[in-house]
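K.L.:
Give me a 3D structure for the following:
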Amino acid sequence: MTYQPVVPFSGFAGWRFLSRTMETQQAAFAASTENQRLDAYFRETIGQIDTAKALVDDRRLLGVALGAFGLDADVDNKYFIRKVLEEGSLDRTALANKLSDKSYLALTTAFGFGDYSVPRTKLSTFADEILTKFQTREFEVAVGNVDNDLRMAMSLQRDLPELAAKDMSETAKWYTIIGSPSLSRVFQTALNLPPSVGALDVDQQREIYMSKAQRVYGTADPAELSRPETLEVLTRDYLLRAQLSSMISVSSQNVALSLLQNAGAQRLSLRL
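P.N.:
Just a heads-up that it's a prediction; the model follows:
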């Protein structure tokens, strides 16, 4: 039976509980029979994989590879993933460099099929590297099956510090945030921006995000936003606003249902 994370509360209260129990719950998740079997198979097999084709032809290996980078939904897109892997990351015209979602770039960089004569699958540390990412992401998925807002909060803790540490300009980092489905959702919610902002030109979006972050958090620098104390406030704001939005949505649905029921009762009364 698949391990199900224990999350007794929603919103920020749920996050505080999950944070306190994270290490224990992650260990229990990794120790599940299903994960142990997949772990063993990946360790035994990945070193034999020399090409992108060999990887995509093995569904279990591909599932781990994609899951490690949050790309689980692409497990059936074998041709697309093979192309991403074979073109690599070093050529500026490679497919992974053209895609707005940089998870594909991270994937092809990690495996190295299109960049080196000998792929990184041959490294003795490769299995540990990918499986660590995979278990982390899969635990997030398991949490998301219980509460997706908490999954987004977990993604923020990993993705924002990683982005902040990269040798990129502040502007480039904001473009990455906007291009990331999880980061853009968290920032949009935390900054109380309307969903319609996503339809604007990307330069306009960046200006709006940076301006609002400066007003709310006193900085528009992702490196500063990733500092523990600021990251905690950002996480709290996201979860509280997400919970409020959910409550308003449920309340609106209840009002609409009540109105429909009352209207139906009135029509029935008139007929009688």
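
K.L.:
Can you give me the neighbour number for residue 178?
P.N.:
Residue 178 is flanked by 20 other residues according to other CB atoms under 10 Å. Placement of C-beta: from N, CA and C, glycine included.

K.L.:
Next, find the distance separating it from residue 163.
P.N.:
Note on residue 178: its distance to residue 163, by CB to CB, to the nearest Å, is 12 Å.

K.L.:
same thing with residue 234?
P.N.:
13 Å.

K.L.:
okay, the residue nearest to residue 213 when sequence neighbours are not counted: pLDDT?
P.N.:
Excluding the flanking residues, the one nearest residue 213 by CB to CB, 6 or more residues apart in numbering is residue 220, at 4.7 Å. For residue 220, the pLDDT comes out at 96.

K.L.:
before we move on, what about residue 195?
P.N.:
pLDDT, residue 195: 89.

K.L.:
Do I have it right that it meets residue 189?
P.N.:
No: between residue 195 and residue 189 there is no contact under CB atoms under 8 Å: 9.6 Å.

K.L.:
quick one: which of those two has more around it?
P.N.:
Per other CB under 10 Å, whichever of residue 195 and residue 189 has more neighbours is residue 189, with 20 against 9.

K.L.:
Please verify my assumption that the more buried one contacts residue 238.
P.N.:
Yes: Residue 189 is in contact with residue 238 according to CB under 8 Å; the separation is 5.2 Å.

K.L.:
What is the burial count for residue 207?
P.N.:
Residue 207, neighbours per other CB under 10 Å, totals 14.

K.L.:
and it, how far is that from residue 213?
P.N.:
In terms of CB to CB, residue 207 sits 11 Å off from residue 213.

K.L.:
Next: residue 86.
P.N.:
38 Å.

K.L.:
hmm, back to that, and the residue nearest to residue 213, how many neighbours?
P.N.:
21.

K.L.:
pLDDT of stretch 144-151, averaged?
P.N.:
Averaging pLDDT along stretch 144-151 yields 95.

K.L.:
which residues sit against it?
P.N.:
Applying CB atoms under 8 Å, 6 or more residues apart in numbering, the contact partners of stretch 144-151 are 4-5, 7, 10-11, 14-15, 18, 140-141, 143, 152, 238-239, 242-243, 246.

K.L.:
go on, stretch 219-238?
P.N.:
Stretch 219-238 is contacted from outside by 12, 15, 149, 152-153, 156-157, 160-161, 163-165, 170, 173-174, 177, 186, 189-191, 209-211, 213-214, 216-217, using CB under 8 Å, 6+ apart.
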